[in-house]
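Trainee: how would this look folded up:
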Amino acid sequence: MTLTKAQKFVSDVLELRPRVAVFDCDGTLWENNSGEDFLEWSMQHGLVSDAMAQRMRARYADYKDGRVGEAQMCGEMVTMYAGRTVAEMEAAAARFFAEIVEPNFFAELLELTQRLRDQGCDLWAVSSTNGWVIREGVKRFGIPAGHVLAGEAECPGGVVSERLTRMPSGEGKADALREFVMSTHREIAAVFGNSIHDAAMLRLAQRAFAVNPNPDLEAIATKKGWTVYWPERTAVSR
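Mentor: Just a heads-up that it's a prediction; the model follows:
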């Protein structure tokens, strides 16, 4: 029986029987940029004041024009909710994710993570999007909340503060893996990512997978001989 492209991708990864696998989320597990989408959705649904919404739209425009760095912007997209309770953020993330992101899952990545979990693989998610959204999303992929390394703010008494405690972006993703994963597991068998901001953590893997890669990551993956995979629902036909 001839396997489809998606079936072969899943089968090839499962044959590695990785003990530890790490996944970026936006653009890797699902098509959306959930950080950008939640920013807009949350402002439309009144999670922040009009003044904050106006400020953040201006900041995001500066980010898109290259005047604000990736880690800085992603950090502000976490701490902008200062004053909201964690319960409010979790409820908002659940509603947002079901409405906006879940319809855009990459089906073969959903199958892969669930089957890796059944094999006993230790699954981790790393993202610069806020942790409320990422934890909500990856639970559908079998990744436990305690294995999410995402953008986090200090939340004393269950209330979001302006103090950022974690922002894994670029080299920060690799740093987070060294601290929280490689301190227990000496090696990471497989890492999956889609953008240049995932390159540092992909270099830590025994096997690196560029999934739905942006052109800059695709160029690196091709040079290094990493596996490049285009999910079936993407517009790119390769």
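Trainee: The residue nearest to Gln119 when sequence neighbours are not counted: neighbour count?
Mentor: Distances taken as CB to CB, 6 or more residues apart in numbering place Arg17 nearest to Gln119, at 6.2 Å, with adjacent residues excluded. From N, CA and C alone the C-beta is placed, and that goes for glycine too. Residues near Arg17, counting by other CB atoms under 10 Å, number 11.
Trainee: now Gln7
Mentor: Gln7: 13 neighbours (other CB under 10 Å).
Trainee: Spatially nearest residue to it, not counting backbone neighbours?
Mentor: Closest to Gln7 by CB to CB, 6+ apart is Glu108, at 7.8 Å.
Trainee: hey, C-alpha coordinates of stretch 66-82 in CSV?
Mentor: The C-alpha trace of stretch 66-82 is given here as CSV (Å, rounded to 0.1, in the frame of the first residue of the first chain):
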residue,chain,number,x,y,z
GLY,A,66,11.3,46.1,12.3
ARG,A,67,11.4,48.9,14.9
VAL,A,68,10.6,46.6,17.8
GLY,A,69,12.4,43.3,18.4
GLU,A,70,10.6,39.9,18.4
ALA,A,71,11.3,39.1,22.1
GLN,A,72,10.3,42.6,23.2
MET,A,73,7.0,42.5,21.3
CYS,A,74,6.1,39.1,22.4
GLY,A,75,6.8,40.0,26.0
GLU,A,76,4.6,43.1,25.8
MET,A,77,1.9,40.8,24.3
VAL,A,78,1.9,38.9,27.6
THR,A,79,2.2,41.8,30.2
MET,A,80,-0.5,43.9,28.4
TYR,A,81,-3.1,42.0,30.4
ALA,A,82,-1.8,43.2,33.7
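Trainee: For it, which residues meet the burial criterion?
Mentor: 68, 70-71, 73-82 (16 or more other CB atoms under 10 Å).
Trainee: ok, now which ones touch the residue most central in space within the chain?
Mentor: Nearest to the geometric centre of the chain sits Cys25, at 2.6 Å (CA atoms, centre = their mean). By CB atoms under 8 Å, 6 or more residues apart in numbering, the contact set of Cys25 is 34, 125-127, 129, 134, 137-138.
Trainee: What about those residues, which are in helices?
Mentor: 34, 134, 137-138 (DSSP state H).
Trainee: of these, closest to Pro215?
Mentor: Ser34 (21.1 Å; CB to CB).
Trainee: My guess is the closest one contacts Asp24. True?
Mentor: No: Ser34 is not in contact with Asp24 according to CB atoms under 8 Å; the separation is 11.4 Å.
Trainee: The longest helix belonging to the chain: what's the following helix or strand?
Mentor: The single longest helix within the chain, with elements called by DSSP H, is helix 50-64. Toward the C-terminal end, the helix or strand that comes next after helix 50-64 (DSSP states H and E) is helix 70-79.
Trainee: Sweet, I'm off.
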